[in-house]
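Trainee: requesting a structural model of the entry that follows:
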Amino acid sequence: MRAFLMLIVMVVMAASAHADVISERKENFRANVKSLKLIQPAMEQGNMETITQEAEAIANWAKAMPEFFPDGSDMGDTKARPEIWENWDDFVAKSAANREAAETLASLAAAGDYDALPAAFGALSKTCGDCHKLYKY
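Mentor: As a prediction, the model looks like this:
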């Protein structure tokens, strides 16, 4: 009986941990969208500081993103597809491509290369879509 109760406690704790990581990753994705939405008007205004700051925030999230998809976190209140875990290396590569595109945008903004920003922002947006097409419901 004692072993059974310990098993139940462990299952509940694991489910709670997965719910927390799902909640955290959803919050990070919301922050990511907010950053993207702040970059667009900043580009129109030539606000290189905001572009740099928000692109760096996106890069930081992309770098950490795979940590927020541990095994078993495909259940519950999530739009993550099982293909993430089935194609883990591709998912990690897409996260790295997103990070690299965000870092490029941040570098260009920091250097004041206004003319290169639209293409760099387009490349960043494409990395988001490339991942969402395969890995999000």
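
Trainee: hey, which helix or strand in the protein has the poorest pLDDT?
Mentor: Every helix and strand in the chain was compared by mean pLDDT, DSSP states H and E; the lowest is helix 2-45, with a mean of 76.

Trainee: what comes up buried for the following helix or strand past it?
Mentor: Proceeding N to C from helix 2-45, the next assigned helix or strand is helix 48-64, under DSSP states H and E. For helix 48-64, the neighbour count (16 or more other Cβ atoms under 10 Å) marks 48, 50-62 as buried. Glycine gets a C-beta too; all of them are placed from N, C-alpha and C.

Trainee: got those residues as JSON lines, with pLDDT columns?
Mentor: Below are the buried residues of helix 48-64 laid out as JSON lines (pLDDT from 0 to 100):
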{"residue": "48", "pLDDT": "98"}
{"residue": "50", "pLDDT": "98"}
{"residue": "51", "pLDDT": "98"}
{"residue": "52", "pLDDT": "98"}
{"residue": "53", "pLDDT": "98"}
{"residue": "54", "pLDDT": "98"}
{"residue": "55", "pLDDT": "98"}
{"residue": "56", "pLDDT": "98"}
{"residue": "57", "pLDDT": "98"}
{"residue": "58", "pLDDT": "98"}
{"residue": "59", "pLDDT": "98"}
{"residue": "60", "pLDDT": "98"}
{"residue": "61", "pLDDT": "98"}
{"residue": "62", "pLDDT": "98"}
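
Trainee: need these in JSON lines with distance to residue 114, can you?
Mentor: Converted to JSON lines, the buried residues of helix 48-64 look like this (distance: Cβ to Cβ, whole Å):
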{"residue": "48", "distance to residue 114": "8"}
{"residue": "50", "distance to residue 114": "13"}
{"residue": "51", "distance to residue 114": "10"}
{"residue": "52", "distance to residue 114": "12"}
{"residue": "53", "distance to residue 114": "16"}
{"residue": "54", "distance to residue 114": "16"}
{"residue": "55", "distance to residue 114": "14"}
{"residue": "56", "distance to residue 114": "18"}
{"residue": "57", "distance to residue 114": "20"}
{"residue": "58", "distance to residue 114": "19"}
{"residue": "59", "distance to residue 114": "20"}
{"residue": "60", "distance to residue 114": "24"}
{"residue": "61", "distance to residue 114": "25"}
{"residue": "62", "distance to residue 114": "24"}
